[in-house]
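Engineer: return atomic coordinates for the entry below.
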Amino acid sequence: MAVRKKPKSAKRVRETLTGGGFVPAAKSLSRRGKVRKEFWLDPGLLREAQEYLGTSTERETVELALDLVAFRKELSQGARALRGLHLSRID
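Structural biologist: I've put the predicted structure just below:
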C-alpha cells in the first residue's frame with residue numbers, strides 16, 4: 001500500500017519562505033530587510049518632495065529621500081578623502 005504524502009498547505013509554504021512570520025510569500029520579497037515605521041509628516045512638504053523627486057507614491061518619496069541623504073554623506077566623505085590629494089593634469 002502506497003503512503004500518500006499530504007500536500008504542503010499555503011500557510012506552511014508561507015512560513016517556510018518568510019521564516020515563520022505572518023507575511024504572504026509574494027509580499028515578503030518586497031519587505032525583506034525593511035522595518036515598519038509610523039510618522040506624522042507635513043502633507044505639503046511630502047507633496048512638494050514627491051513632485052520634485054518625480055515619485056509616484058509617498059512611500060517611494062520617503063525611501064528615495066532617505067537614500068539621497070545617505071548618498072550625500074558618501075559624497076561628503078569622498079570629498080574629504082580627496083582634500084589633501086595632489087592632482088596633476090593628464091593632458
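Engineer: pLDDT-wise, which helix or strand of this structure ranks last?
Structural biologist: helix 10-18 (a mean of 53; mean pLDDT, DSSP states H and E).
Engineer: from residue 56, how far out is residue 36?
Structural biologist: 21 Å (CB to CB, to the nearest Å). The way it works is simple: take the backbone N, C-alpha and C, and place the C-beta from them, glycine included.
Engineer: just want to know which of the two has more residues nearby.
Structural biologist: residue 56 (9 against 5; other CB atoms under 10 Å).
Engineer: any idea which helix or strand carries that one?
Structural biologist: Residue 56 belongs to no helix or strand when elements are defined using DSSP states H and E.
Engineer: now the phi/psi pair for it, please.
Structural biologist: phi -100, psi -20 (degrees, to the nearest 10).
Engineer: check the secondary structure at residue 35 for me.
Structural biologist: When classified by DSSP: H, G, I helix; E, B strand; the rest coil, residue 35 comes out as coil.
Engineer: list the buried residues for the helix or strand harbouring residue 73?
Structural biologist: In the assignment (DSSP H and E), residue 73 maps to helix 58-82. By neighbour count with 16 or more other CB atoms under 10 Å, helix 58-82 contains the buried residues 61, 62.
Engineer: show me what it is in contact with.
Structural biologist: Residues outside helix 58-82 that contact it (CB atoms under 8 Å, 6 or more residues apart in numbering): 41, 46, 49, 50, 53, 55.
Engineer: 7 Å instead?
Structural biologist: When contacts are defined by CB atoms under 7 Å, 6 or more residues apart in numbering, helix 58-82 is touched by residues 46, 49, 50, 53, 55.
Engineer: can you check stretch 37-57 too?
Structural biologist: Counting by CB under 7 Å, 6+ apart, 58, 61, 64, 65 sit against stretch 37-57.
Engineer: would you turn the residues you listed into TSV with pLDDT and distance to residue 87?
Structural biologist: Shown next, in TSV, are the contacts of stretch 37-57 (pLDDT from 0 to 100; distance: CB to CB, whole Å):
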residue	pLDDT	distance to residue 87
58	95	43
61	97	38
64	96	33
65	96	33
